[in-house]
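J.: All I have is the shape, not the residue letters:
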Ligand SMILES: [Zn+2]
């Protein structure tokens, strides 16, 4: 990955020939949707360093650039007609983190930009964790230095070991229906209590404020289970439950859905349609592809610490093109 990033950056830095330029120009006329997860306040450290996050400074620089070079629009507009939208951009947030409200919202308000927040309803309702945060919290707050999971013993000697345990377990548990129980077991072994840190996730009051200020509130499941690991009936129940909760809290039924991890199939799309949704977003990078349709909207996912050129490559779609080679 590091090599790929360097190669892609080098291509851009050295002009890279005509085709790169042509691809960039073509892509520059396509609308883009950017997706953020955590936007860290100044001086704040991420709970889970292995997940995507940006700093407040990176976020401000990126959205300021977008609003100077493209027309700000909403995801709803792009879902309705991406091919006719021209060089526009829309901003989205997944998961329901508190910093969407505290850090990103004031910055966007200054720029006159509204966004879409995809919320995980059980997490926003309070008391529940996103399971990877619970794991990261247990590993970093641990009083013990070792624990067992899946027949392996992990040693938390230093920050590097913590991060590699976090990355390995996140990958291993992502599709497991027992992941919450396994993470709780790890936390118990490490002696870390379950309380969710104040403000880690948004409250419904904050979600309502965003909605009142023109933001769109979208569905991001009830508990962040991945739809491709669930039966059609389980997916239906989750999507319906998530939509009903949002409607109860903000007084409006959500029309847009961001399936967890961007993993969903055609059967899930049929379920989304029946539940009244008009569009879905993926975790496929780059500008919205021509004729992608409202249920396969691509999103650019910037990551903290990346060079500016890489953000440009992500916007152009070249980064994802190279990755697919
Ligand atoms: Zn998510």
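T.: Here it is on my side, so go on. Keep in mind that this is a model prediction, so the values were computed, not measured.
J.: What sits closest to residue 169 if chain neighbours are left out?
T.: Leaving aside its chain neighbours, residue 169 sits nearest to residue 135 (6.0 Å; criterion: Cβ to Cβ, 6 or more residues apart in numbering). C-beta: built from backbone N, CA, C; applies to glycine.
J.: Check whether that neighbour really touches residue 183, as I assumed.
T.: Yes: contact criterion Cβ atoms under 8 Å: residue 135 and residue 183 qualify, at 4.9 Å.
J.: Spell out which residues are contacts of both of these two.
T.: Common contacts of residue 135 and residue 183 (Cβ atoms under 8 Å, 6 or more residues apart in numbering): 169, 173.
J.: Neighbour count: the two, which is higher?
T.: Regarding residue 135 and residue 183, a neighbour count based on other Cβ atoms under 10 Å identifies residue 135 as having more, with 27 against 23.
J.: Show me the contact partners of the helix or strand encompassing that one.
T.: Counting by DSSP states H and E, the element that carries residue 135 is helix 131-141. Judged by Cβ under 8 Å, 6+ apart, the contacts made with helix 131-141 from elsewhere in the structure are 47-51, 129, 156, 162, 165-166, 169-170, 173, 179-180, 183-184, 186-187, 190, 192, 194, 197, 200, 224.
J.: In a strand, residue 92, correct?
T.: Yes: assigned with DSSP: H, G, I helix; E, B strand; the rest coil, residue 92 falls within a strand.
J.: where's stretch 145-162 relative to the chain centroid, distance-wise?
T.: When distances are taken as Cα atoms, centre = their mean, to the nearest Å, stretch 145-162 is centred 27 Å away from the chain's centroid.
J.: How about stretch 223-230?
T.: Relative to the mean C-alpha coordinate of its chain, stretch 223-230 is positioned 15 Å out (Cα atoms, centre = their mean).
J.: and this structure, which of its residues are near the ion?
T.: Those residues of the chain that sit near the ion, judged by Cβ under 5 Å from the ion, are 94-95.
J.: Would you map the strands across the chain?
T.: In the chain, strands defined by DSSP state E lie at 32-36, 38-40, 53-55, 71-72, 88-95, 115-119, 146-149, 152-155, 216-219, 256-257, 279-280, listed in chain order.
J.: what helices or strands is the third one leaning on?
T.: Using 3 or more Cβ pairs under 8 Å, 6 or more residues apart in numbering; DSSP states H and E as the contact test, the elements touching strand 53-55 are strand 38-40.
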